[in-house]
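K.L.:
fold the following and give me the result.
(one chain, ligands or ions: 2)
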Amino acid sequence: MADLFFGGIDVGSLSTEAVIINSEEQVLAEVVLITGVNGSEAAQKALNQALELAELAQSQIAALTSTGYGRASVPFATGKTTEISCHGVGAHHLFPSTGTVIDVGGQDSKVIQIDDRGHMLDFSMNDKCAAGTGRFLEVMADRLELELDELSNPAYITGPSTPISSTCTVFAESEVISLLAKDTPREQIVNGLQRSIVNRIWSMVVSIGIHGEVTITGGVAKNQGLIKVLEEKLGQKLNVPKNPQTVGALGAALIAKRHHSDSTST
Ligand SMILES: Nc1ncnc2c1ncn2[C@@H]1O[C@H](COP(=O)(O)OP(=O)(O)OP(=O)(O)O)[C@@H](O)[C@H]1O
Ligand SMILES: [Mg+2]
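P.N.:
Numbering: from 1, shown residues only. Ligands and ions are numbered 1, 2, ... in the order given. Okay, here's the model as predicted:
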């Protein structure tokens, strides 16, 4: 019998991801693109690139689930699922002992408790305020004339930190401007900003509690400074996926596969 293929597309506020898996749940291709102004164009482009990598045609995809805030703008999706479900299923697939998922994306952050099959039991979410999301770090990196990659520089992880007292992104940006005017070293400011965002994430962690291993997903998991500060606060190591931005799309592809086998087995 010919192998079956499944797709997942995650249209996020900053990035759009496509993942293709086979019926053995092996990842054949994964792509990350900037979403830009047109989510449906980004979705099609990400899928096309993933199909090219996997050497497949779109007609060979048996089912495809879309997720992310732009999940409604994926016309070729055969199903839609929330990001919370997808990050849970994706994190469980990569790290089966995961009990808690922390997803920090560009626009929102969430702490999700999952069961031993990756299904959501409880969650806490911040989508009201940029503080505590990746956007906060984007604004600050821009103000400090740093690339996002530079936030992982060890100098910004180990040195002393300057506390950032404002909880609002706009006020915190003004605070950074005054600190720069006072010649405060950039390393200290970045360190302070990492601690500030971790404190925001922490309040969600406290409301859900820590269950089992903790896996971090979303683009902010590429920020090694933040990982270190969060691990210190948690008192345990985090599972960090190789491609943290594609975990939601991976979960979506796995969900597409499950829905497809449920519909064909009845
Ligand atoms: N190389 C990098 N180093 C450090 N941080 C990064 C890097 N790349 C992205 N980020 C962070 O990841 C964030 C974007 O994460 P992600 O791509 O998961 O967002 P998204 O899924 O589009 O957003 P959302 O899920 O909120 O709609 C950025 O705001 C930034 O803070
Ligand atoms: Mg996302």
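K.L.:
dump the residue contacts of the closest residue to Met120 other than its chain neighbours.
P.N.:
Of all residues not flanking Met120 in the chain, Gly88 sits nearest, at 4.9 Å (CB to CB, 6 or more residues apart in numbering). All C-beta atoms are positioned from the backbone trio N, CA, C, and that covers glycine. By CB atoms under 8 Å, 6 or more residues apart in numbering, the contact set of Gly88 is Val101, Ile112, Ile114, Gly118, His119, Met120, Gly251.
K.L.:
from the residues you listed, list the buried ones, please.
P.N.:
Val101, Ile112, Ile114, Gly118, Met120, Gly251 (16 or more other CB atoms under 10 Å).
K.L.:
ok, Ala62 - contacts?
P.N.:
Applying CB under 8 Å, 6+ apart, the residues contacting Ala62 are Leu4, Phe5, Phe6, Ala256, His260.
K.L.:
with secondary structure, distance to ligand 1 and pLDDT as new columns, can those be given to me in TSV?
P.N.:
Shown next, in TSV, are the contacts of Ala62 (DSSP: H, G, I helix; E, B strand; the rest coil; distance: CB to the nearest ligand atom, whole Å; pLDDT from 0 to 100):
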residue	secondary structure	distance to ligand 1	pLDDT
Leu4	coil	27	94
Phe5	strand	23	98
Phe6	strand	20	98
Ala256	helix	18	98
His260	helix	25	93
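K.L.:
now those residues as CSV including neighbour count?
P.N.:
Shown next, in CSV, are these (neighbours: other CB atoms under 10 Å):
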residue, neighbour count
Leu4, 17
Phe5, 23
Phe6, 27
Ala256, 27
His260, 19
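K.L.:
save these as CSV, and put in distance to ligand 2 too.
P.N.:
Listed next are these as CSV, based on distance: CB to the ion, whole Å:
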residue, distance to ligand 2
Leu4, 26
Phe5, 23
Phe6, 19
Ala256, 17
His260, 23
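K.L.:
what would those look like in JSON lines with distance to Leu94?
P.N.:
Formatted as JSON lines, those follow (distance: CB to CB, whole Å):
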{"residue": "Leu4", "distance to Leu94": "21"}
{"residue": "Phe5", "distance to Leu94": "19"}
{"residue": "Phe6", "distance to Leu94": "16"}
{"residue": "Ala256", "distance to Leu94": "17"}
{"residue": "His260", "distance to Leu94": "21"}
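K.L.:
could you tell me the end-to-end distance of stretch 109-127?
P.N.:
7 Å (CA to CA, to the nearest Å).
K.L.:
what does that stretch contact?
P.N.:
For stretch 109-127, using CB under 8 Å, 6+ apart, the contacting residues are 83-85, 87-93, 96, 98-103, 107-108, 132-133, 200-201, 204-205, 207-209, 211, 218, 220, 251.
K.L.:
now, which of the residues you listed lie within strands?
P.N.:
Among those, the residues falling in strands (DSSP state E) are Thr98, Gly99, Thr100, Val101, Ile102, Asp103.
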